[in-house]
Structure formats: C-alpha cells, structure tokens
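**Q** any chance you could fold what I've pasted below:
(one chain, ligands or ions: 2)
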Amino acid sequence: MKSQKIVEYGKALQEVNDPTPTPQGAEVLVRISHCGVCHSDVHLHDGEFHLGGGKTLDVRAGRKLPFTLGHEIVGEVVAVGPAAEGVKVGDRRVVYPWIGCGTCPACQRDEEQLCAKPRQLGIQVDGGYSDHVLVPHGRYCLAFDPIPEHLAGTYTCSGLTAYAALKKLGHVGKADPVLIVGAGGVGMMGIQYAKAMFGTKPYVADIDAGKREAAMALGAAGAFDPSDANEVKRFIAETGGAYGAVDFVGADGSFGFASAAVRKGGRVVIVGLYGGSLQMPLVMFPMRAISVHGAYVGSLPEMKETLELARAGKVEAIPVEIRELAAASRSLDDLRAGRVKGRVVLKA
Ligand SMILES: [Zn+2]
Ligand SMILES: [Zn+2]
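**A** Ligands and ions are numbered 1, 2, ... in the order given. Okay, the predicted model is just below:
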C-alpha cells in the first residue's frame, strides 16, 4: 500500500510503500477512498501545539516515524479478520478514529476518546493519508448513506467535535439562548447542529465580519463582534445572557466573550485549540454559579448520533476541495499558511 508519511517532523511528507496488511482477529481492512486534511494534522506534522504566551506542547510522543496522518477516513471494507463483526467485504463505511484500548474504565464507559492508552487512527496509529487502513474492530466502521462519500469523513472530526461540545451544554430549553463563539469550519457545523439538536437558532460571535455574515446566512439568531468591548453588553441586553456558550476558538478574546456572555448558572465549553490562557477571579465561579468544561472530539455513541442527524439531512457538510493523495504535503502547507477555505479532502 502507498502512504504519504511523516519521515521527519516539520519536513515534507514522503510517499512510502508498505505491504498491505492482512486483518487478524477482529480487524478490518478498509480501502480508503477519501481522507480529510485537518488543521490538527498541521500541528502533529510540526510536532507541537501552540499554547499561547509563546509556550508550546510537544506532541511527538507515542508515535514512531515514519507515520501516516489522517483521521477523517472513508472507504470500502475489502478484507476482514476471522473474528470480525458488524461489517462485511463490500460495505462502504466511515471510520471512527478516536479509538481507545477497549478495556480501561474510560473505554468501558463508552468514552474511549478519553482513554489513557489511545490507539487513535492518524494520531498514534497509522491513519488515512494512504490507500488502506487497518481498523481494530468492525464497530468503528459506520454507515453514512445518503451522505456523499467525499463528505462523510468531515463528520468524524469537525462534525463530532461540534455535536459533542454542544451536548455538554446539557438540557437546553426552547427559551435558552445558546452562543457559538468562532464561525470557522467547526463553528459553522456547530450552528447547524445547535439548530438540529435544540430546535432553536444559536447566536454567533466572531471577530471577522465575513464570517458573521456567513453565520447569519446559515440561520444564526444574531451576530456579535467580540473585539468590540460594547458587544457583550448588547448581547446580554438582547438575550438576557446565554444559557450556554461553546468557544470554538480557544483564545483569550473568545473565552473572555463567552464567559462574560453567559447568565447565572451558565456553562462555557472550550473546544478550540487556538491557544490562550484564563485569567478570572475565582469568586466569579460561585457567585455567578458558572462552570467551564473542556471537550475533546466525542465518543463512539456520539459519533453515531452525529451521523444520524447528518444522514437525516439536518446538517450540511462544510465546503470541500478534493485533491490527489500525493498533494497531502502541499495541503498541510496551504493549511498552515491559511490558504484553504473549507476542507481539503484527499482522494486515494
Ligand atoms: Zn481533525
Ligand atoms: Zn481505554
């Protein structure tokens, strides 16, 4: 099989030929048709995440080079191990990549995305910048029809992230305003999922006027500019404060807006990885009875719920540009330089 691999962190990916694996036990071999190029792949390729304030997090541990990135994987089951369950050869499936060890308490709670010994595809285990991928069990291979095949992979990362973060807001009533901060790719998914999940239009905050406009076109209830100091007051005057806010950016300014915009008892979920830090008087937590949560992708059951809403036509995928697998390295460079609109999807 042919893969585009990291041979050295930060250097161009290289094409590597390996023998195509034969699935053992419950394993499933998927011939990849499409794999999305995610912004987190850029950080994995660099070997570090920026934490804000000039600090970085080394993310090279737990991965042997050469390594295949890619966690937004779609394709066809072409071989199964003798103990495989849930899929058969010929099935077209999207692959849940956030795989855990399968036995620890987190995995037994169906929260394997939080497993301390993860086997995530494209993160610790070879992923989708390839023509084949080995999946440890058929339960990770999910039906996606009638979603177009080249779009299905976007739901395993941005779709799932948006859905699971919104779910952390808890029981949202019809009269409870929800605020989405950051109308990039994941935030745009968030607007659609919020409408589908809560039956109410969310409010949106973004520093970019074009993104605010796009959010309104997608059905946001109102749009606010977090870089304008008066906008939080206007938001609270108009809405009474948000029941819950999801920060899809994760920067000082976005969190500042989100935390100031929630009403008493409100919840802020941080899911963006932009990098920033939190400075807040602790007394505000009890006095306003607010809480702050972090969310990291989502569980396998949440993946199924995410796909269910998309398969029912309630959520449109983000715009994609299809490129050849050989363009993987160039695509990471384009993403790093901010030259990509929507999602690049590699076609194997
Ligand atoms: Zn991703
Ligand atoms: Zn585990």
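**Q** quick check: Pro301 vs Gln120, distance?
**A** From Pro301 across to Gln120, the span is 17 Å (CB to CB, to the nearest Å). C-beta here means a position set from N, CA and C on the backbone, and glycine is covered the same way.
**Q** buried residues in stretch 318-334, which are they?
**A** Buried residues in stretch 318-334, counted by 16 or more other CB atoms under 10 Å: Ile318, Val320, Arg323, Leu325, Ala327, Ala328, Ser329, Arg330, Ser331, Leu332, Asp333, Asp334.
**Q** farthest pair within the residues you listed?
**A** The distance between the two most remote of these (CB to CB) is 22.1 Å, for Ile318 and Ser329.
**Q** pLDDT below threshold where in this structure?
**A** Within the chain, the ranges that satisfy pLDDT under 70 run 52.
**Q** quick one: name the residues of it near ligand 2.
**A** Residues of the chain that fall close to ligand 2, judged by CB under 5 Å from the ion: Gly100, Cys101, Cys104, Cys107, Cys115.
**Q** switch the cut-off to 6 Å
**A** Applying CB under 6 Å from the ion, one finds that the chain approaches ligand 2 through Gly100, Cys101, Cys104, Ala106, Cys107, Glu112, Cys115, Lys117.
**Q** in helices, which of the residues you listed appear?
**A** Ala106, Cys107 (DSSP state H).
**Q** I'd like the residues of the chain next to ligand 2 as CSV, with neighbour count and distance to ligand 1 appended.
**A** Output for the residues of the chain next to ligand 2, formatted as CSV (neighbours: other CB atoms under 10 Å; distance: CB to the ion, whole Å):
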residue, neighbour count, distance to ligand 1
Gly100, 23, 17
Cys101, 14, 21
Cys104, 15, 23
Ala106, 18, 20
Cys107, 21, 21
Glu112, 23, 16
Cys115, 19, 17
Lys117, 13, 20
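**Q** name the nearest residue to Arg63, ignoring sequence neighbours.
**A** With sequence-adjacent residues excluded and distances taken as CB to CB, 6 or more residues apart in numbering, Arg63 is closest to Gln124, at 5.9 Å.
**Q** so what's the one you found up against?
**A** Taking CB atoms under 8 Å, 6 or more residues apart in numbering as the criterion, Gln124 is in contact with Gly62, Arg63, Pro118.
**Q** for those, which one is nearest ligand 1?
**A** Of all the contacts of Gln124, Pro118 has the smallest distance to ligand 1: 14.3 Å, by CB to the ion.
**Q** now the closest residue to Thr154 other than its chain neighbours: how far from Ile191?
**A** Take Thr154 and drop its neighbours on the chain: the residue closest to it by CB to CB, 6+ apart is Ala317, 5.0 Å away. Using CB to CB, we find Ala317 at a distance of 13 Å from Ile191.
**Q** and these two? Which one has more around it.
**A** Neighbour count, other CB atoms under 10 Å: between Ala317 and Ile191, Ile191 has more, with 27 against 21.
**Q** what packs against the helix or strand hosting that one?
**A** Element membership for Ile191, per DSSP states H and E: helix 185-198. The contact analysis (3 or more CB pairs under 8 Å, 6 or more residues apart in numbering; DSSP states H and E) places helix 185-198 against helix 160-167, strand 178-181, helix 209-217, helix 300-311.
**Q** again, 10 Å this time
**A** In terms of contacts (3 or more CB pairs under 10 Å, 6 or more residues apart in numbering; DSSP states H and E), helix 185-198 is packed against helix 154, helix 160-167, strand 178-181, strand 203-205, helix 209-217, strand 242-247, helix 300-311.
**Q** that one close to ligand 1?
**A** No - using CB under 6 Å from the ion, we find that helix 185-198 stays clear of ligand 1, coming within 8.9 Å at best.
**Q** and if you look at stretch 295-309?
**A** No - shown here: stretch 295-309 not in contact with ligand 1 (CB under 6 Å from the ion), separated by at least 7.8 Å.
**Q** pull out the CA atoms of that stretch and give them to me as CSV.
**A** What follows is stretch 295-309 as a C-alpha-only set of coordinates in CSV (Å, rounded to 0.1, in the frame of the first residue of the first chain):
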residue,chain,number,x,y,z
ALA,A,295,-14.4,18.9,25.2
TYR,A,296,-12.2,16.7,23.0
VAL,A,297,-13.8,15.2,19.9
GLY,A,298,-16.5,12.7,21.1
SER,A,299,-17.4,9.2,21.9
LEU,A,300,-18.5,6.4,19.6
PRO,A,301,-22.2,6.7,20.6
GLU,A,302,-21.9,10.4,20.0
MET,A,303,-20.4,9.7,16.6
LYS,A,304,-23.5,7.6,15.7
GLU,A,305,-25.7,10.5,16.8
THR,A,306,-23.7,13.0,14.8
LEU,A,307,-24.1,10.9,11.7
GLU,A,308,-27.7,10.3,12.3
LEU,A,309,-28.5,14.0,12.2
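**Q** distance from it to the middle of the chain?
**A** Relative to its chain's centre, stretch 295-309 lies at 10 Å (CA atoms, centre = their mean, to the nearest Å).
**Q** and what of stretch 145-165?
**A** Remark: stretch 145-165 is offset 9 Å from the chain centroid, using CA atoms, centre = their mean.
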